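Colleague: Generate coordinates for the sequence data below:
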Amino acid sequence: MVDPAIERILADTAPMMEEPVGGTYMAVLLFEDIDPFERHYRYGAMLDAELRLAGVGCADGGGTLFDAEDENGEREVLFTVLDIEATDIDGARTVLRAHLPELGCPAGTLVQFDTLEDRYDGTVWHLAEPRSFKEDD
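Modeller: Numbers count the residues shown, from 1 in each chain. Have a look, this model is predicted:
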């Protein structure tokens with residue numbers, strides 16, 4: 001038998017666990033080489049919880065972009081991507097800017113949305129600048 005207090009809490013949080021409808025894609029570019037599990041546990045799970053609690057979206061996976069193969073067949077990691085589904089872009093940007101430095105994001109981290117980006121220089125966020133980098137460049 002489940003405690004009625006727990007059932008009330010679970011009922012209140014159930015809508016937060018649903019996938020957002022009508023969201024906008026945002027990308028967080030982390031210029032560091034981390035494996036998918038570290039990306040998820042260091043950034044993805046934490047940001048997903050914060051975005052959902054704020055009611056502004058969710059973290060929806062991610063990936064890694066590699067450079068072309070060198071003469072030895074090796075490829076260098078260019079950056080790691082976190083996919084964000086935002087129902088409120090400005091709210092999601094606020095949450096991301098607050099929590100990414102707490103989670104140890106490196107200088108140069110970008111939060112991209114529409115044709116703009118917020119850039120973290122290791123101390124300060126530079127807001128709504130034109131995109132400096134596109135994945136298809």
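Colleague: show me where the chain has helices.
Modeller: 4-17, 36-39, 45-54, 89-99 (DSSP state H).
Colleague: In space, not sequence, find me the middle residue of this structure.
Modeller: The structure's the chain has its C-alpha centroid closest to residue 82; by C-alpha atoms, centre = their mean the separation is 4.2 Å.
Colleague: and the closest residue to it other than its chain neighbours, how many neighbours?
Modeller: Of all residues not flanking residue 82 in the chain, residue 28 sits nearest, at 4.0 Å (C-beta to C-beta, 6 or more residues apart in numbering). Glycine gets a C-beta too; all of them are placed from N, C-alpha and C. Residues lying near residue 28 (other C-beta atoms under 10 Å) number 26.
Colleague: list the contacts for residue 28?
Modeller: 43, 47, 62, 81, 82, 84, 96, 100, 109, 110, 111, 112 (C-beta atoms under 8 Å, 6 or more residues apart in numbering).
Colleague: Among these, name the ones in strands.
Modeller: Using DSSP state E, 62, 81, 82, 84, 110, 111, 112 are the members of these that sit in strands.
Colleague: May I see those arranged in JSON lines, with pLDDT as well?
Modeller: Formatted as JSON lines, these follow (pLDDT from 0 to 100):
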{"residue": "62", "pLDDT": "89"}
{"residue": "81", "pLDDT": "93"}
{"residue": "82", "pLDDT": "96"}
{"residue": "84", "pLDDT": "97"}
{"residue": "110", "pLDDT": "97"}
{"residue": "111", "pLDDT": "98"}
{"residue": "112", "pLDDT": "97"}
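Colleague: among the residues you listed, who's most crowded?
Modeller: Compared across the ones in strands among the contacts of residue 28, residue 84 has the highest neighbour count, 30 neighbours, by other C-beta under 10 Å.
Colleague: who does that one bridge with?
Modeller: residue 26, residue 59 (DSSP bridges).
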